[in-house]
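> With the sequence up front, the predicted model follows.
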Amino acid sequence: SSLEILLLNNSFSEFYDQIKYTEDIHADLKQNVDALKVTKQDLETQRGNLEQKLVVEKELKNTLQEQRDALEEKTIAQELLLVQNKLTERQYKNYAYQLQLEQQQANADISDLQQNIAKILEDREKAERFEDFGPAQLAWPVSPLRGISAFFHDPGYPFRYLFEHPAIDIRAAQGTSIRAPEDGFVARVKFNGNTSYGYVMLIHNNELSTVFGHISQPLVQEEEFVSQGQIIALSGGTPKTHGAGNLSTGAHLHFEVRLNGIPVNPLEYLPPF
């Protein structure tokens, strides 16, 4: 204390020096304490920043792990998708191949029938009756007033990647009566009563034949003679219905005209509408 300093010193100057020295020490101590406080505060701040940094790093680590897991899942999903796509593509090609075989078989069947008409009409009575028919002059099998949805060898035909469209598709409601476009002989009735492709084929004079595809119900039998205008079947074409087959997108009549077994443009043999 100041009293202790006064009693311990011999002169006032020494007392003053001691007081000054004590004040300096107190000032230094205060400065050091203040510095320590600042340092402590800085350390606490740094500690807080470090803890916050650790929290942020932990959150980032968790986020990165989540992203890594998500990326891994996405990669696996993409690999599975690629496999599925490959399987689907393989199945699609196989499906397209089966459709081509089905159509080729139908075409071959129709062509063979016309080429072998002499064998079909072995009965003289049938042959004579067939010869009594006049020159083929085709009428419309269903009304064309609703329009034609696909033309002969139509470039817009949806299944053109499989084969050329050998007919015209006439719009007709499901179950519309199909009439024989000319007198003829029923060479083939293909109808299994399920969703497979169903059709009726007639053979006429002038080496012509007609085919009526996607029928929903046949109304004639093979080796039967029909007259022009006679109802021979009901139209179909609605997907997944009887006789529609796998190459139909809606109700219509698939109408073919063949010359010596080769498809020709039906519009060249029908009256204008």
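Sure, I can see it.
> Every contact and neighbour count from this point should use C-alpha atoms.
Fine.
> Buried residues, stretch 250-257. List them.
For stretch 250-257, burial by neighbour count (16 or more other Cα atoms under 10 Å) applies to 250-257.
> can I get these in JSON lines with distance to residue 160 and secondary structure?
Formatted as JSON lines, those follow (distance: Cα to Cα, whole Å; DSSP: H, G, I helix; E, B strand; the rest coil):
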{"residue": "250", "distance to residue 160": "17", "secondary structure": "coil"}
{"residue": "251", "distance to residue 160": "19", "secondary structure": "coil"}
{"residue": "252", "distance to residue 160": "18", "secondary structure": "strand"}
{"residue": "253", "distance to residue 160": "18", "secondary structure": "strand"}
{"residue": "254", "distance to residue 160": "15", "secondary structure": "strand"}
{"residue": "255", "distance to residue 160": "17", "secondary structure": "strand"}
{"residue": "256", "distance to residue 160": "16", "secondary structure": "strand"}
{"residue": "257", "distance to residue 160": "19", "secondary structure": "strand"}
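> Tabulate the residues you listed (CSV), appending pLDDT and distance to residue 213.
Shown next, in CSV, are the buried residues of stretch 250-257 (pLDDT from 0 to 100; distance: Cα to Cα, whole Å):
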residue, pLDDT, distance to residue 213
250, 87, 13
251, 92, 11
252, 93, 9
253, 97, 6
254, 95, 5
255, 97, 6
256, 95, 8
257, 94, 11
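> Strands of the stretch 51-200 of the chain, start to end?
Counting by DSSP state E, counting those that start in this stretch, the stretch 51-200 of the chain has strands at residues 148-150, 168-171, 177-179, 184-190, 199-203.
> Most tightly packed of those strands?
Mean neighbour count (mean count of other Cα atoms under 10 Å) peaks for strand 199-203 among the strands of the stretch 51-200 of the chain, with a mean of 26.
> one step back: CSV for the strands of the stretch 51-200 of the chain, including distance to residue 53?
What follows is those, written out as CSV (distance: least, Cα to Cα, whole Å):
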stretch, distance to residue 53
strand 148-150, 70
strand 168-171, 73
strand 177-179, 82
strand 184-190, 80
strand 199-203, 78
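> wait, which of those strands is closest to residue 227?
The closest of the strands of the stretch 51-200 of the chain to residue 227 is strand 184-190. By Cα to Cα, the value is 6.5 Å.
> Counting neighbours, which bits of stretch 260-273 end up buried?
Residues of stretch 260-273 classed as buried by neighbour count (16+ other Cα under 10 Å): 261, 263-267.
> nearest to residue 176, of the residues you listed?
Residue 176 has its nearest neighbour among these in residue 266, at 19.5 Å by Cα to Cα.
> Report the separation between the closest residue to the closest one other than its chain neighbours and residue 148.
Leaving aside its chain neighbours, residue 266 sits nearest to residue 257 (5.3 Å; criterion: Cα to Cα, 6 or more residues apart in numbering). Residue 257 sits 15 Å away from residue 148, taking Cα to Cα, to the nearest Å as the criterion.
> Could you do residue 271 as well?
Distance from residue 271 to residue 148, by Cα to Cα: 14 Å.
> what do you get for residue 225?
For residue 225 relative to residue 148 (Cα to Cα), the value is 28 Å.
> same thing with residue 218?
From residue 218 across to residue 148, the span is 22 Å (Cα to Cα).
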